[in-house]
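Participant: Predicted model follows, preceded by the sequence.
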Amino acid sequence: MPPTLLIKNIQLLATMNDRRDLLSDAYIQIEGPRILSVGTGEPPLAAERIIDGKNCLVIPGLVNTHHHLIQVLTKNIPLVQTAGLFPWLLTLYEIWREITPEAVYAASLTGMAELLASGCTCTSDHLYLFPRVGSGHFIDRQIDAARQIGIRFQPCRGSMSRGKSLGGLPPDDICQSEEAILEDCRRLLETYHDPAPLAMTRISLGPCAPFNVTDQLMKETVRLAREYKVSCHTHLAETLDEEEYCRKTYHCRPFDYLENLGWLGQDIWLAHCIHLNEPEIEKMGQTGTSIAHCPTSNLRLGSGIAPIRRLLDRQVPVGLGVDGSASNDSSHMLAEARQCMLLHRLEPGVAWITAEEALWMATRGGARALGRDDIGSLEPGKAADLVLLRLDRMAYAGAQSDPLAAVLYNLSPHPVDLTMVHGQIVYQNGSCLRIREEEAVAETNRHAAAMLSAALHKSGLPLRKRPDFSIPLSPYRLQKT
């Protein structure tokens, strides 16, 4: 029999089930990787291990629907601290092209450690840059890191096939041929994808964005994904620059571009979707296409505010994503939920997002976006992915009238107290239990410094002087008449 674990005397347990039940004086019984029972009062069964949940809140593990873990290596680069998306990308491409498999592993490990510390138990990642021979195994190294640290992982095999010579944004030498991309997609799907319930590793496919992939790659990728019954992911409608690029290149809006290529449906989730009109929002709801909402990144890059309330009102599934650490500079999922809750109070004429809604997006919404029905809630049969937070700390003094909302309204920089994935405690009392954090940080800093030094030497860009972006950006701006 699998080992059993019981958390009892829980002050408040937020199930995030369909009824959104909140249970006081609660317990949760776990057997192996799975939840056995949830209830109130005395648990019905004995357990081999018991954790006292007195003065604690227990919530489902958070689900991160959009990340670029390699960007941990390029946090707060001075050159792009005040740059919008396209100039930000044009500069960072020069640094990212220096990445190595070892750097991918180091960045993934530290980024995943940040996620676990903030209560994230399942994360996707969107790695789309493969700049040299041998880089095809970058995602393998990410999977190695996830298995080492103990997080549930759903990487997207990203891609870029339209470089500058084909009218795209990135340099040609960090793009790949369609043949190489599709061949590696098949390899990853056949090697790592696990469709079984409670799977720790699943693979999705993710061409990067309309301004760096070809039409043919988009069509072939979604065809391949549906052959293997996996989901697809890409960026959409993030900035007005993207919209202008699509109008100039494809003679349509970004949403129309995706729709024409067959990229709508319950097996599709899209990052950002800031610049959507009402018919597009309506069609998102009708097709069941999901969104990865990344409020911090959208603010950091000045991209805009996604119409989340209007999307929710049209029954569009919405999850949350921290996005890459070069446009967020953190991987804190609770902070992302708080940002979501507060940001949409600036939208005129719409109902505000509540703390419970933001946490729903961070759990059930994220699970739906990733196409999973085995995570995101605390119910019998679901994965034993959960987060425990002590409510008797200073930050929550006076906040006991609504302990669930307190974790967002009274959010302090401190991490959660315990993170469990697949029935295993992987983070507790300020430490990831499966890695040496000091060594991981040192290794990440070493790779970050080496990449930046090599890029600055080759490109000649000064580190602290903001470069002139007007020339490289101009091809993607429509001429004003």
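Facilitator: Looks like it arrived, so ask away. Residues are numbered from 1 along each chain as shown.

Participant: Looking only at residue counts, what's the top helix in this structure?
Facilitator: Secondary structure of the chain per DSSP state H: the longest helix is helix 437-459.

Participant: Could you measure from Val222 over to Gln176?
Facilitator: To Gln176, Val222 is 18 Å away according to C-beta to C-beta, to the nearest Å. All C-beta spots, glycine's among them, are computed from the backbone N, C-alpha and C.

Participant: hang on, Ile50 packs against Lys8?
Facilitator: Yes. Ile50 is in contact with Lys8 according to C-beta atoms under 8 Å; the separation is 6.5 Å.

Participant: With neighbour numbers in mind, choose between the two.
Facilitator: Lys8 (18 against 15; other C-beta atoms under 10 Å).

Participant: what's the closest non-adjacent residue to that one?
Facilitator: Tyr27 (4.4 Å; C-beta to C-beta, 6 or more residues apart in numbering).

Participant: So what sits opposite that neighbour in the bridge?
Facilitator: Gly39 (DSSP bridges).

Participant: How many neighbouring residues does it have?
Facilitator: Counted with other C-beta under 10 Å, Tyr27 comes out at 24.

Participant: just Ile375 next, same as before
Facilitator: 26.

Participant: Distance-wise, check it relative to Ser459.
Facilitator: 42 Å.

Participant: What lies in contact with stretch 98-108?
Facilitator: 69-73, 125, 127, 129, 131, 134-135, 137-138, 141-142, 144-146, 440, 443-444, 446-448, 450-451, 454-455 (C-beta atoms under 8 Å, 6 or more residues apart in numbering).

Participant: cutoff 7 Å now
Facilitator: 69-70, 72-73, 131, 137-138, 141-142, 144-145, 440, 443-444, 447, 451, 454-455 (C-beta atoms under 7 Å, 6 or more residues apart in numbering).

Participant: what does stretch 401-417 give?
Facilitator: Contacts of stretch 401-417 (C-beta under 7 Å, 6+ apart): 11-12, 14, 22, 57, 117-119, 334-335, 337-338, 341, 355-356, 358-359, 387-391, 395-396, 399, 429-430.

Participant: Just the buried ones from these?
Facilitator: Among the contacts of stretch 401-417, those that count as buried by neighbour count (16 or more other C-beta atoms under 10 Å) are 11-12, 14, 22, 57, 117-119, 334-335, 337-338, 341, 355-356, 358-359, 387-391, 395-396.

Participant: low pLDDT regions in this protein?
Facilitator: Residue ranges of the chain with pLDDT under 70: 133-135, 413, 461-481.

Participant: what about the closest residue to Glu238 other than its chain neighbours, how many residues close to it?
Facilitator: Distances taken as C-beta to C-beta, 6+ apart place His272 nearest to Glu238, at 4.0 Å, with adjacent residues excluded. Neighbour count for His272, taken as other C-beta under 10 Å: 29.

Participant: Equivalent analysis for the one 3 residues further on, please.
Facilitator: In terms of burial, His275 registers 20 neighbours under the definition other C-beta under 10 Å.

Participant: Check Gly163 too.
Facilitator: Gly163: 17 neighbours (other C-beta under 10 Å).

Participant: Let me see the contact set for it.
Facilitator: 170-172, 175.

Participant: next one: Ser118
Facilitator: Counting by C-beta under 7 Å, 6+ apart, Ser118 has contacts 331-335, 415-416.

Participant: buried subset of the residues you listed?
Facilitator: Buried among the contacts of Ser118 by 16+ other C-beta under 10 Å: 331-335, 415-416.

Participant: The buried ones among the contacts of stretch 401-417 in helices, which ones?
Facilitator: 117, 334-335, 337-338, 341, 355-356, 358-359.

Participant: Between which two of the residues you listed is the distance greatest?
Facilitator: Ala117 and Glu356 (22.8 Å; C-beta to C-beta).

Participant: any idea how far Ala292 is from Ser231?
Facilitator: 12 Å.

Participant: ugh, wrong one, I meant Cys156
Facilitator: 9 Å.

Participant: which neighbours do those two share?
Facilitator: Ser204.

Participant: Point to the residue nearest the middle of the protein.
Facilitator: His66 (2.4 Å; C-alpha atoms, centre = their mean).

Participant: Just confirm that residue contacts Ser290, I think it does.
Facilitator: No. His66 lies out of contact with Ser290 (C-beta atoms under 7 Å); the separation is 10.8 Å.

Participant: Domain map for this protein?
Facilitator: 4-60+378-431, 62-369 (automatic domain parsing).

Participant: that's a strand at Ile59, yeah?
Facilitator: Yes. Counting by DSSP: H, G, I helix; E, B strand; the rest coil, Ile59 is found in a strand.

Participant: Show the contacting residues for it.
Facilitator: 14, 359, 386-387.

Participant: quick one: the strands in the stretch 51-200 of the chain?
Facilitator: Taking DSSP state E, counting those that start in this stretch as the criterion, the stretch 51-200 of the chain contains strands spanning 56-60, 62-64, 120-127, 152-159.

Participant: now swap in the stretch 351-481 of the chain and tell me
Facilitator: So, for the stretch 351-481 of the chain - with DSSP E, counting those that start in this stretch - the strands run 386-390, 418-421, 424-428, 431-432.
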